[in-house]
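*Asks:* next comes the sequence, and after it the predicted model I'd like to discuss.
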Amino acid sequence: MKYSEILHFSHPNHVLKLGHADAPFKCDGCKEAGIGAVYRCSRACNFDLHAHCAVPSASIAHPFYTKCSFEFLSRPPGTEARNCNACERRVTGFSYHCRSCGFDLHPCCAKLPMAIDGGDLKLYLYGHVTAPCHKCGRLGRSWSYRSSCKKYNLHVACVKEILVDSWREIYGGKGNKRSEGGRIPCLKATLETHVNHAKMKGKGEMCCQMAALALQFVVSAVLGDPTTLIAGIVGQLISK
């Protein structure tokens with residue numbers, strides 16, 4: 001459920017208002033990137049939260065871990081470094097944790113849609129797939145989105161690596177924590193690499209367009225807003 005205004009324990013002195021971000025931002029809760037729906041400080045404190053982080057569930061179940069119960073935590077448990085079981089990235093802020101199994105999920109990873117309907121292209125989330133990833137060319141490794149036609153496969157971990165490469169100023173703490181100009185150069189470079197590779201193999205322009213569309217939707221899902229609108233925005237950013 002989304003509320004237009006909230007008071008949040010992580011930013012208790014000011015109201016957070018639900019808004020819309022066309023440019024990427026870094027969530028002050030989970031420390032991961034976001035786009036689209038965002039709760040922002042009404043006093044311009046440069047404080048942002050994903051909707052999943054702003055209004056979390058106290059506990060969740062996930063179909064990939066049928067014996068687990070994940071509890072929302074404001075910080076990782078214990079003193080040892082922990083990684084998200086979905087994307088393999090370090091957990092440094094808000095997370096969902098299973099005390100019995102020791103598994104961890106970023107809030108946006110925990111809420112990744114099991115299916116993305118892009119009209120002509122449908123993508124489904126899998127815990128493991130036997131097909132190589134479009135980005136790294138490897139099998140296994142983290143959760144993956146795979147198209148219903150089984151031609152397109154993207155590791156969630158690989159998509160996040162693309163985002164980190166593109167927004168080093170976000171994760172490195174340089175400059176403003178909101179991406180300058182909303183540009184995603186590495187996404188564009190990655191798409192161009194896939195398109196040229198596909199053309200060399202004679203897969204045709206339609207195949208290239210569908211691969212690009214698949215990447216747009218997976219990126220928008222990983223950023224916490226898997227909607228057609230946000231996928232279109234991501235597509236526009238990629239093309240710049």
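*Replies:* Okay, I see it.
*Asks:* local confidence estimate at Gly182?
*Replies:* Note for Gly182: predicted pLDDT of 38.
*Asks:* for the chain, which spans come out with low pLDDT?
*Replies:* 1-2, 141, 164-211, 228-240 (pLDDT under 70).
*Asks:* isn't Arg82 up against Leu73?
*Replies:* No. Taking C-beta atoms under 8 Å as the definition, Arg82 is not a contact partner of Leu73, at 10.3 Å. To be clear about C-beta, it is placed using only N, CA and C from the backbone, and glycine gets the same treatment.
*Asks:* can you tell me which strand in this protein is longest?
*Replies:* If you go by DSSP state E, the chain has its longest strand at strand 11-26.
*Asks:* what packs against the helix or strand just after it?
*Replies:* Scanning forward in sequence from strand 11-26 by DSSP states H and E, the next helix or strand is strand 33-41. Applying 3 or more C-beta pairs under 8 Å, 6 or more residues apart in numbering; DSSP states H and E, we find strand 33-41 packed against strand 11-26, strand 48-50, helix 51-54, helix 228-239.
*Asks:* part of a helix, is Cys213?
*Replies:* You called it Cys, but residue 213 is Leu. Yes. With DSSP: H, G, I helix; E, B strand; the rest coil as the criterion, Leu213 is part of a helix.
*Asks:* tell me the buried residues in the longest strand of the chain?
*Replies:* Neighbour-count burial for strand 11-26 flags 11, 16, 18, 21, 24-26 (criterion: 16 or more other C-beta atoms under 10 Å).
*Asks:* now do it against strand 33-41, angle only.
*Replies:* 150 degrees (axes from the mean of the first three to the mean of the last three C-alpha atoms, to 10 degrees).
*Asks:* sheet partners, orientation included, of strand 11-26?
*Replies:* If you go by DSSP bridges, strand 11-26 pairs up with strand 5-8 (antiparallel), strand 33-41 (antiparallel).
*Asks:* got the CA positions of that strand in PDB?
*Replies:* The C-alpha coordinates for strand 11-26 follow below in PDB (Å, rounded to 0.1, in the frame of the first residue of the first chain):
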ATOM      1  CA  HIS A  11      14.300  10.200   9.000                       C
ATOM      2  CA  PRO A  12      12.000  11.000  12.000                       C
ATOM      3  CA  ASN A  13      12.100  14.800  12.000                       C
ATOM      4  CA  HIS A  14      10.600  15.500   8.500                       C
ATOM      5  CA  VAL A  15       7.700  14.100   6.500                       C
ATOM      6  CA  LEU A  16       8.500  12.000   3.400                       C
ATOM      7  CA  LYS A  17       6.300  12.700   0.400                       C
ATOM      8  CA  LEU A  18       5.500  10.200  -2.300                       C
ATOM      9  CA  GLY A  19       6.800  11.500  -5.700                       C
ATOM     10  CA  HIS A  20       8.200  10.300  -9.000                       C
ATOM     11  CA  ALA A  21      11.900  10.300 -10.000                       C
ATOM     12  CA  ASP A  22      12.700  10.200 -13.700                       C
ATOM     13  CA  ALA A  23      16.400  10.200 -12.900                       C
ATOM     14  CA  PRO A  24      18.100   7.600 -10.800                       C
ATOM     15  CA  PHE A  25      18.600   8.100  -7.100                       C
ATOM     16  CA  LYS A  26      20.300   6.200  -4.300                       C
END
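*Asks:* good, we can wrap up now.
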